[in-house]
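Asker: Mind looking at a prediction? Sequence and model below.
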Amino acid sequence: MNYHVLTLFPEMITNGVNTSITGRAIDKKLINLNAINIRDFSGNKHGQVDDYPYGGGAGMLMQPGPVYRSYESVVEKIGYKPRVIYLTPQGETFNQSMAEDFAKEKDLVFLCGHYEGIDERVLEMIVTDNVSIGDYVLTGGELPAMVMIDTISRLIPGVLNNNVSAEFESFNDNLLEYPQYTRPDTFMDKKVPPILLSGDHAKVDKWRREQSIIRTIKRRPDLMEKANLTKEDIKFIEK
Ligand code: ADE
């Protein structure tokens, strides 16, 4: 997977993504990160990339030229027109199934806005997907781009050490993950649920599934509508 991030703050992206699991994935060449400074495409010696909005109003807008030229540099490099994700609170809310869909691509372009936004014409020309990470307003698209890169990367084979873990946790079957415990078996008088020490794998699996269901009903009842439940799950819920 090649990520191309069009941004005015490339160091924010490289510092973030070069860390921890995504950093190791870059070292292992499982993902590749290309943070592109839109200012390098300003076309003027002052490096100006923003201007006042026509019609008046607060703040500055990113001009279409630098954004378009930075995008074109990616198209020239890879030889085709990739999906371009614009990070905006006006987009579709990001979720796990969108991440699974984006993970199938060979290249993804993330367009990060700043100031009060980007000239609408260039958005119409290049953006294929408008994506929000939630109903709140951030100062720019860099953190949302990093959220998406992190979520997509862990779905790529080899990125997580444990290749079953991406499949088996939160949001599989649209249920929340069950509670987990490690040593010590007693912590300040609180014991690990005894069933986890029983060595009976079938019982442990059943207990975990039930805990997932209980937790989802309590914390995220909205997810239950979309949950993939077995006959056994339904029997458990009904009693
Ligand atoms: N840019 C500013 N706020 C955002 C959000 N919530 N999601 C995506 N991009 C954004």
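Answerer: Nice, thanks for sending it over.
Asker: from here on, contacts and neighbour counts on C-alpha atoms
Answerer: OK.
Asker: in what helix or strand does the residue nearest to the spatial centre of the chain lie?
Answerer: Centroid check for the chain by C-alpha atoms, centre = their mean gives Met148 as the closest residue, at 2.1 Å. Met148 is part of helix 142-153, with elements assigned from DSSP states H and E.
Asker: Let's see that helix as CSV, backbone CA atoms only.
Answerer: The C-alpha coordinates for helix 142-153 follow below in CSV (Å, rounded to 0.1, in the frame of the first residue of the first chain):
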residue,chain,number,x,y,z
GLU,A,142,-3.8,15.6,9.2
LEU,A,143,-5.0,13.8,12.3
PRO,A,144,-8.0,12.3,10.4
ALA,A,145,-5.6,11.1,7.7
MET,A,146,-3.4,9.5,10.3
VAL,A,147,-6.4,7.8,11.9
MET,A,148,-7.3,6.4,8.5
ILE,A,149,-3.8,5.3,7.7
ASP,A,150,-3.5,3.5,11.1
THR,A,151,-6.8,1.7,10.7
ILE,A,152,-6.2,0.7,7.1
SER,A,153,-2.6,-0.4,7.7
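Asker: related to what we said a few turns ago, wait, the residue nearest to the centre of the chain sits on Asp101?
Answerer: No: with contact defined as C-alpha atoms under 8 Å, Met148 does not count as touching Asp101 (11.8 Å).
Asker: for the chain, longest helix please?
Answerer: Secondary structure assigned by DSSP state H gives helix 201-219 as the longest helix of the chain.
Asker: who's in contact with it?
Answerer: Applying C-alpha atoms under 8 Å, 6 or more residues apart in numbering, the contact partners of helix 201-219 are 175-179, 195-196, 223-224, 233, 236-237.
Asker: try stretch 71-78
Answerer: By C-alpha under 8 Å, 6+ apart, stretch 71-78 touches 4, 6, 81-82, 126.
Asker: where does the residue nearest to the centre of the chain land on pLDDT?
Answerer: At Met148, the model reports a pLDDT of 98.
Asker: Point to the helix or strand of this protein where mean pLDDT is at its lowest.
Answerer: Across the helices and strands of the chain, mean pLDDT, DSSP states H and E gives its lowest value to helix 165-168, namely a mean of 54.
Asker: Toward the C-terminus from that helix, list the very next helix or strand.
Answerer: Using DSSP H and E, the next helix or strand after helix 165-168 towards the C-terminus is strand 186-187.
Asker: same question for that next one, mean pLDDT?
Answerer: 98.
Asker: and that strand, how far from the chain's centre?
Answerer: 35 Å (C-alpha atoms, centre = their mean, to the nearest Å).
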